[in-house]
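Asks: sequence and predicted structure are below.
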Amino acid sequence: MENLIFCHPKASSGQDPNQAIVVKCQVPQTIPDDHVLLKVDRFGYSANNVTYQALGEASHFRSISFHNIRHFTYSMILYARYFEFHHVPDSEAEGVSSKTHGVTPVWGFGTIIKSTHPKVHTGERVYGYFAPARYLLLPVSSDVNKYAFFVPRPHLPPDRRPYNQITRCAEDPLYDPSPTAEDLTMLYRPLFWTSYWCEDWLNSSNYKGGSTRIIISSASSKTAFCLAYLIRRRNSLQGSSTRRVIGLTSTKNLVFTKRLALYDDVFDYESFDMSLVGNLARGRWIYVDVAGNNALNARVRDHFRVCGDSELVTCIALGLTNVSASTIDPSSLGWGSNSEAPHTGDPKIEHFFMPEWLSIRKQQLSVSAITQMQKDAWTRLMADCGTWGVSLRRVCGPEQVKAAYEEIVRRGLAPEDAFVWSLWGESREYGSRAKL
């Protein structure tokens, strides 16, 4: 049985990391004990995956302490690389090996077609952090419950547990088996929970001591506009309109970002410092950096440093949407502890990492309470996101997926486009669209 897997050259190989290749290999006829063989039906592709590829070889070092509302301190030192989640098949004929190529993880749906684990069954529908492949062989740890099972990856830090989880759809309270709902799950679920728990973290501190202005970079990205959506939801639930959310985006994405109607104001990167003046600039500010652009971050800090009636309370690092595999220098990434302020008097840069905060919340709340919170938030999102003007682009077949990826390399990811890819079948046109 032939398998296909979508790979990229590693930057360290000296090859162009954007020259993707679909590698052919054989599926094992017999599988070891306590393993499952999945048929990967389809998977989402977004700016997050661009980041995963760009950071594929970068060793993420983080030494972070959170101080929560119960004065519990949570500290971790973490090392991980995105290319360490899935193996690359060795193919001498195609010049592919684990030394030269990497597999970028994707969120997707699949079906178990073989299982040698007594508690996991053939025919189960599952969702998880898969390889972009037709088939995927995964080991199963002893940690199996009715909701999920886990892939043992002892070489990765414990906080990566959410990425090792394979959700069993039959018992997932958020699961809807309709194709559109599955597509929305792959596109929004990984990003939405980062935004959701970031907003929860901000709210736990009363938005850093009562800040009423939040400015978010890369405002057209799903992580950013989901955060804006959740802040506005919090305002609505609290019967308040005191918190204002400002989006920063590129000129080309300005129209889309304004059309979302999730921000109180949207400014382009080139002119925000001329627009954010006077009464609009007054107050206590939180800056959420989703773009990961050092030059922009310096301009934001400089702007608030000279605004006498405003105070920049904190800078939060939430993403790296402005990186790509061909431009990133892994050695330059600031993945250390909460970074020192560039200038005396500037706030420190706080790095938000969702699994860390979720671990703290599990100390404070019951599993059933967290499950209900997430179910309520997800149900509301599914009801609201259809008005945001995002078009789904379904791409089927190995050559079509490769062509879609190459288009992204050439043109970038348009914010109104959402991709769902499959290495199965062939679509007549590689970008068939459906309005969400």
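Replies: Done, it's in.

Asks: how about the strands in the stretch 101-250 of the chain?
Replies: Assigned strands in the stretch 101-250 of the chain, in chain order: 101-102, 106-115, 125-130, 135-139, 148-150, 165-168, 213-216, 244-249 (criterion: DSSP state E, counting those that start in this stretch).

Asks: could those go into CSV alongside mean neighbour count, distance to residue 359 and mean pLDDT?
Replies: Placement of C-beta: from N, CA and C, glycine included. Shown next, in CSV, are these (neighbours: other CB atoms under 10 Å; distance: least, CB to CB, whole Å; pLDDT from 0 to 100):
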stretch, mean neighbour count, distance to residue 359, mean pLDDT
strand 101-102, 27, 28, 92
strand 106-115, 21, 21, 97
strand 125-130, 22, 18, 97
strand 135-139, 20, 24, 97
strand 148-150, 21, 15, 96
strand 165-168, 20, 14, 96
strand 213-216, 26, 24, 96
strand 244-249, 25, 27, 96
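
Asks: for these, give me JSON lines that also has distance to residue 413.
Replies: Converted to JSON lines, the strands of the stretch 101-250 of the chain look like this (distance: least, CB to CB, whole Å):
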{"stretch": "strand 101-102", "distance to residue 413": "20"}
{"stretch": "strand 106-115", "distance to residue 413": "14"}
{"stretch": "strand 125-130", "distance to residue 413": "20"}
{"stretch": "strand 135-139", "distance to residue 413": "25"}
{"stretch": "strand 148-150", "distance to residue 413": "30"}
{"stretch": "strand 165-168", "distance to residue 413": "26"}
{"stretch": "strand 213-216", "distance to residue 413": "18"}
{"stretch": "strand 244-249", "distance to residue 413": "13"}
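
Asks: of the ones you listed, which approaches residue 290 most closely?
Replies: For the strands of the stretch 101-250 of the chain, the distance to residue 290 is smallest for strand 213-216, at 6.2 Å, taking CB to CB.

Asks: just how off-centre is that closest one within its chain?
Replies: 20 Å (CA atoms, centre = their mean, to the nearest Å).

Asks: just to revisit the earlier point, closest one to residue 393 among the strands of the stretch 101-250 of the chain?
Replies: When those are compared by CB to CB, strand 106-115 sits nearest residue 393, at 15.0 Å.

Asks: quick one: strands adjacent to the closest one?
Replies: Strand 106-115 pairs in its sheet with strand 35-45 (antiparallel), strand 125-130 (antiparallel), by DSSP bridges.

Asks: so how far is the shortest one from its chain's centroid?
Replies: Shown here is strand 125-130, whose average C-alpha point lies 15 Å from the average C-alpha point of the whole chain (CA atoms, centre = their mean).

Asks: quick one: it to strand 135-139, angle?
Replies: Per axes from the mean of the first three to the mean of the last three CA atoms, to 10 degrees, the angle that strand 125-130 makes with strand 135-139 is 80 degrees.

Asks: all further residue positions should be reported with the first residue as 4.
Replies: Let's use 4 as the start, then, which means that last one is strand 128-133.

Asks: okay if I get the strands paired with strand 109-118 as CSV plus distance to residue 397?
Replies: Formatted as CSV, these follow (distance: least, CB to CB, whole Å):
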stretch, distance to residue 397
strand 38-48, 8
strand 128-133, 17
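
Asks: tell me which of the ones you listed sits nearest to residue 388.
Replies: strand 38-48 (13.9 Å).

Asks: and that closest one, which residues are buried?
Replies: Buried residues in strand 38-48, counted by 16 or more other CB atoms under 10 Å: 38, 39, 40, 41, 42, 43, 44, 45, 46, 47, 48.

Asks: quick one, helices of the stretch 154-303 of the chain?
Replies: Secondary structure of the stretch 154-303 of the chain by DSSP state H, counting those that start in this stretch: the helices cover 164-167, 182-207, 209-213, 225-240, 257-262, 275-278, 297-308.

Asks: tell me which residues of the last one come out buried.
Replies: It stands for helix 297-308. Across helix 297-308, burial judged by 16+ other CB under 10 Å covers 299, 300, 303, 304, 306, 307.

Asks: thinking again about what came up before, between the strands paired with strand 109-118, which gets nearest to residue 86?
Replies: Of all these, strand 128-133 comes closest under CB to CB, at 13.0 Å.

Asks: now, which of the buried residues of strand 38-48 sits nearest residue 319?
Replies: Nearest to residue 319 among these, counting by CB to CB, is residue 47 at 24.9 Å.

Asks: from residue 22, how far off is the nearest residue to the closest one once chain neighbours are set aside?
Replies: Counting by CB to CB, 6 or more residues apart in numbering, residue 189 is the residue found nearest to residue 47 once chain neighbours are left out, at 3.2 Å. According to CB to CB, to the nearest Å, residue 189 stands 25 Å off from residue 22.

Asks: more neighbours, these two?
Replies: residue 189 (22 against 10; other CB atoms under 10 Å).

Asks: wait, isn't the more buried one in contact with residue 423?
Replies: Yes. In this structure, residue 189 is within contact of residue 423 by CB atoms under 8 Å, at 6.1 Å.

Asks: what residues are shared contacts of these two?
Replies: Jointly contacting residue 189 and residue 423 under the rule CB atoms under 8 Å, 6 or more residues apart in numbering are 45, 46, 47.

Asks: in TSV: those residues, plus pLDDT and distance to residue 184.
Replies: Listed next are those as TSV, based on pLDDT from 0 to 100; distance: CB to CB, whole Å:
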residue	pLDDT	distance to residue 184
45	96	13
46	97	15
47	95	13
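
Asks: how many residues are close by the spatially closest residue to residue 384 that is not a sequence neighbour?
Replies: Excluding its sequence neighbours, the residue lying closest to residue 384 (CB to CB, 6+ apart) is residue 195, at 6.1 Å. Residues contacting residue 195 under the criterion other CB under 10 Å number 23.
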